[in-house]
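Q: following is a predicted model, sequence given first.
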Amino acid sequence: MASQLNPAWQRKIASSNHLAKVSARFLSDGPLPKSAPDGCQVIPFLLDNPEQDWVARDLCEVLSQRGHHSRLYLLESSRETAPAELKTELQKQAADFEICLLPITSTGLIQRYRFDHVVLLVPASLDAVLTAYQRIKQLSQRQTPDIGVVIVGPRDQHAAWRYFRKLAVGSLRYLDVPLLNLGFLPQQVLPQQGPSDHHRQNFLARISERLLGSGFHSAYRP
């Protein structure tokens, strides 16, 4: 049965070099070098489903509360906007903002607009990890962007690590794509568990620190 599984699921021993790369990019709380700002810093969020847009929306609020003037930009997937037109539109609408967050549901749009960074939101389930692996595989067929991962809805940090490790090892071994772990949002802080509270804000603040500390954003250049 194991031979029929997708490579992302097969239990093989990864090389020590690959595991070292995964470990080096997992839950690093230390500050990493920041890239120099150049206009509005764009952070695309590739959602597993449209209902996940609350992550980008709430994260936008947290960033603004922490002194980073941020706005949410809803990119219409049905609209045929040329890459150069999107750049002009972002420059016009986000000229006075430091960070612009773009929730996107289509992998094709990430490729079309040639974003060099993307945050992948992955629900805490094996099916969602497999879907995320397929999306990473699709992104790797062209110029692969830097990919950060947020696990959404695990029971605890240990469960979040297991899902991230499964995805990261498979992506590195079979696609040669390293992933950056940007944190997780546990079950108990999801919107269906209740209105926004300080626990959810704390987890979002940690994600924002990793986004900014790792320089995981860039001015949009088509």
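A: Yep, it's here. Numbering: from 1, shown residues only.

Q: list the buried residues in the longest helix seen in the chain.
A: The longest helix of the chain (DSSP state H) is helix 157-175. Neighbour-count burial for helix 157-175 flags 159-161, 163-175 (criterion: 16 or more other C-beta atoms under 10 Å). Where you see a C-beta, it was placed from the backbone N, CA and C, and this is true even at glycine.

Q: and for stretch 173-192?
A: Neighbour-count burial for stretch 173-192, counted by 16+ other C-beta under 10 Å, picks out 173-175, 177-186, 189.

Q: give the rounded mean pLDDT of that stretch.
A: Averaging pLDDT along stretch 173-192 yields 96.

Q: do stretch 88-95 as well
A: 71.

Q: now do stretch 55-62
A: The pLDDT scores in stretch 55-62 average 95.

Q: starting at the chain centroid, how far to that stretch?
A: 13 Å (C-alpha atoms, centre = their mean, to the nearest Å).

Q: do the same with stretch 180-188
A: Averaged C-alpha coordinates place stretch 180-188 at 10 Å from its chain's average position (C-alpha atoms, centre = their mean).

Q: for the very next helix or strand once past the longest helix of the chain, name the packing helices and strands.
A: Using DSSP states H and E, the helix or strand that follows helix 157-175 in sequence is strand 179-185. Counting contacts by 3 or more C-beta pairs under 8 Å, 6 or more residues apart in numbering; DSSP states H and E, strand 179-185 packs against strand 146-152, helix 157-175, helix 198-213.

Q: could you dump the second one to PDB, C-alpha only?
A: Output for helix 157-175, consisting of C-alpha atoms alone and laid out as PDB, is shown next (Å, rounded to 0.1, in the frame of the first residue of the first chain):
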ATOM      1  CA  GLN A 157       2.400  22.900  18.700                       C
ATOM      2  CA  HIS A 158       3.400  19.200  18.400                       C
ATOM      3  CA  ALA A 159       0.600  18.500  16.000                       C
ATOM      4  CA  ALA A 160       1.600  21.700  14.000                       C
ATOM      5  CA  TRP A 161       5.200  20.500  13.800                       C
ATOM      6  CA  ARG A 162       4.200  17.000  12.500                       C
ATOM      7  CA  TYR A 163       2.100  18.500   9.700                       C
ATOM      8  CA  PHE A 164       4.700  21.000   8.800                       C
ATOM      9  CA  ARG A 165       7.500  18.400   8.900                       C
ATOM     10  CA  LYS A 166       5.600  16.000   6.600                       C
ATOM     11  CA  LEU A 167       5.000  18.800   4.100                       C
ATOM     12  CA  ALA A 168       8.500  20.300   4.400                       C
ATOM     13  CA  VAL A 169      10.400  17.000   4.100                       C
ATOM     14  CA  GLY A 170       8.300  15.900   1.000                       C
ATOM     15  CA  SER A 171       8.800  19.300  -0.700                       C
ATOM     16  CA  LEU A 172      12.500  19.400  -0.100                       C
ATOM     17  CA  ARG A 173      13.200  15.700  -1.000                       C
ATOM     18  CA  TYR A 174      11.100  15.500  -4.100                       C
ATOM     19  CA  LEU A 175      10.800  19.100  -5.400                       C
END
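
Q: fine by me, thanks again.
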